[in-house]
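In: Take a look and give me a structure for this.
(one chain, ligands or ions: 2)
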Amino acid sequence: MTIAAMAGSATWLESNTWDRPEWTIDELIAHKEGRSISVVLPALDEERTVGSVVASIMPLVGGLVDEVVVVDSGSSDATMARAAAAGARVESRESALPGVTPLPGKGEVLWRSLATTVGDIVVYIDSDLVDPDPMYVPRLVGPLLLTPELQLVKGYYRRPLVGSGGVDPTGGGRVTELVVRPLVSALRPELSALIQPLAGEYAGTRELLTSIPFAPGYGVEIGIVLDTLSRYGMDAIGQVDLGTRTHRNRPLRDLGPMSRQIVATLMSRLGIEDSGSPLIQFLMEDDGHSVRRAYPVLDDRPPMRTVPGRTMVGVGAV
Ligand SMILES: O=c1ccn([C@@H]2O[C@H](COP(=O)(O)OP(=O)(O)O[C@H]3O[C@H](CO)[C@@H](O)[C@H](O)[C@H]3O)[C@@H](O)[C@H]2O)c(=O)[nH]1
Ligand SMILES: O=C(O)[C@H](O)COP(=O)(O)O
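Out: Ligands and ions are numbered 1, 2, ... in the order given. Now for the predicted structure:
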């Protein structure tokens, strides 16, 4: 933080951005003060990367981290076996929350993870990361452990885009830059200083995460950010520099449906009615085109603490 931040005259960007996180793991452990930390990886067909992401976190278990759980999203490949071999506890959607029929999507597994973990702080890490930095988790929990006002800490980073033309070192984050940040600046400008609102690497308090609804698909991250803002205000949100983050870049045709869902969730949080109409994609082929429709999901999962049988309060060390 800057001197202005420490003097109490800072903007949110100055006071709530940790741009040079240098805590040691031992320092962070000393600040746990009885709080437990769960790390959750959502995974759908990530057999190529999930093992190395788990392996980057396992050395923290028993010290800073209390449990590492991969929640599988219905994979048909060896994701669950690779995650278990790397040392994670692996849960299916059904085992994470028995008795509730699963919905498809990423938000669904993040929501279910709250029923099968106990940490006072929950850290989400995507499982498609390439060469993940072992300091992601320590950096994400640092602000939460040290700053009582915070409820949510998002990672931010440099984002390469790997394509047929090679690597563009800062070309990644296409949905973030072309859809989400422009909409945020139009509709919730106070969030404009949040560098990676869609980051899949973030940490929140159980108190926050169990008290808000979850969009079941790719709307989950923008939903969490907007709900945190409306319930707790900007002072409850922080962001921390994680360095460089490389992941599997999806083709443009997959990012349209993702964007359609994010727009629907964003509008619902702002009280703007969505038509519910699909995004219609015209996929050009050599001899014509095919048409694909992507419908947004407009219903949310309820706050986990309202689900029968789930009291969902922090229970201290695992
Ligand atoms: O139905 C799904 C889809 C994805 N995932 C997992 O979710 C993570 C991120 O999914 P991905 O399709 O790679 O998303 P990105 O293209 O990386 O999209 C960005 O934007 C999304 C929408 O905000 C966020 O969810 C992502 O974390 C963020 O990186 C990966 O571990 C996936 O295996 C699931 O578990 N279930
Ligand atoms: O966060 C995003 O904007 C999407 O995940 C797309 O990211 P990419 O352009 O780095 O693949």
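
In: Check whether residue 225 really touches residue 190, as I assumed.
Out: No. Contact status for residue 225 versus residue 190: not in contact, 11.2 Å apart, counting by CB atoms under 8 Å. Any C-beta I mention is one placed from the backbone N, CA and C, and that applies to glycine too.

In: More neighbours: those two, which one.
Out: residue 225 (24 against 13; other CB atoms under 10 Å).

In: Once you drop chain neighbours, what's closest to the more buried one?
Out: Distances taken as CB to CB, 6 or more residues apart in numbering place residue 197 nearest to residue 225, at 5.3 Å, with adjacent residues excluded.

In: Now do the contacts for the one you found.
Out: Going by CB atoms under 8 Å, 6 or more residues apart in numbering, residue 197 touches 154, 176, 180, 181, 184, 191, 221, 222, 225.

In: Tell me the buried residues in the helix or strand containing residue 27?
Out: Residue 27 belongs to helix 25-30 when assigned by DSSP states H and E. Within helix 25-30, the residues that count as buried by 16 or more other CB atoms under 10 Å are 25, 28, 29.

In: ok, and the closest non-adjacent residue to residue 208?
Out: Once flanking residues are discounted, residue 208 sits nearest to residue 151: 4.2 Å by CB to CB, 6+ apart.

In: in the stretch 151-300 of the chain, which spans are strands?
Out: Counting by DSSP state E, counting those that start in this stretch, the stretch 151-300 of the chain has strands at residues 152-158, 161-163, 166-168, 202-205, 237-244, 246-247, 279-285, 288-294.

In: which parts of the second one are buried?
Out: Using 16+ other CB under 10 Å as the test for burial, strand 161-163 gives residue 161.

In: for that strand, what is the average pLDDT?
Out: Taken as a whole, strand 161-163 has a mean pLDDT of 91.

In: Run the chain-centre distance for that strand.
Out: The gap between the average C-alpha position of strand 161-163 and the chain average comes to 21 Å, counting by CA atoms, centre = their mean, to the nearest Å.

In: Enumerate every residue touching the nearest residue to residue 131 once chain neighbours are set aside.
Out: Nearest non-adjacent residue to residue 131, counting by CB to CB, 6+ apart: residue 246, 6.4 Å away. By CB under 8 Å, 6+ apart, the contact set of residue 246 is 129, 130, 131, 159, 160, 162.

In: Now restrict those to buried residues only.
Out: Neighbour-count burial (16+ other CB under 10 Å) applied to these gives 129, 159, 160.

In: Excluding covalently adjacent residues, which one is nearest to whichever residue of the chain sits closest to ligand 2?
Out: In the chain, the residue that lies nearest ligand 2 is residue 172 (2.9 Å; CB to the nearest ligand atom). The shortest distance from residue 172 to any non-neighbouring residue, by CB to CB, 6+ apart, is to residue 159 (3.1 Å).

In: End to end on stretch 29-47, go ahead and measure it.
Out: For stretch 29-47, the first-to-last residue distance is 31 Å (CA to CA, to the nearest Å).

In: Also stretch 16-36?
Out: By CA to CA, one end of stretch 16-36 lies 23 Å from the other end.

In: That stretch: which residues count as buried?
Out: 16, 17, 18, 21, 23, 25, 28, 29, 32, 35, 36.

In: Sticking with the fifth one, tell me its helix or strand.
Out: Right, the one you point to is residue 23. Taking DSSP H and E as the definition, one finds residue 23 inside no helix or strand.

In: Next up, the contacts around the closest residue to it other than its chain neighbours.
Out: Nearest non-adjacent residue to residue 23, counting by CB to CB, 6+ apart: residue 142, 4.8 Å away. If you count contacts by CB under 8 Å, 6+ apart, residue 142 has them with 18, 21, 23, 28, 240.

In: now, among the residues you listed, which is nearest to ligand 1?
Out: Distance to ligand 1, by CB to the nearest ligand atom, is smallest for residue 240 among the contacts of residue 142, at 16.0 Å.

In: Tell me the pLDDT of the closest one.
Out: 98.

In: Pretty sure it sits against residue 21.
Out: Yes. Using CB under 8 Å, residue 240 makes contact with residue 21 at a distance of 5.4 Å.

In: Show me what from this structure comes close to ligand 2.
Out: 159, 161, 172, 173, 174, 175, 176, 198, 249, 250, 255 (CB under 6 Å from any ligand atom).

In: Which two among the residues you listed are spaced furthest apart?
Out: Farthest-apart pair in these is 161 and 198; separation 14.8 Å (CB to CB).

In: Need the residues touching each of residue 240 and residue 21.
Out: Joint contacts of residue 240 and residue 21 (CB under 8 Å, 6+ apart) are 139, 142.

In: List the buried residues for stretch 297-305?
Out: 297, 298, 300, 301, 303, 304, 305.

In: For the third one, give its distance to residue 288.
Out: Same thing as residue 300. Separation of residue 300 from residue 288 (CB to CB, to the nearest Å) stands at 38 Å.

In: deepest of the strands of the stretch 151-300 of the chain, which one?
Out: Counting by mean count of other CB atoms under 10 Å, strand 202-205 has the highest mean neighbour count of the strands of the stretch 151-300 of the chain, with a mean of 26.
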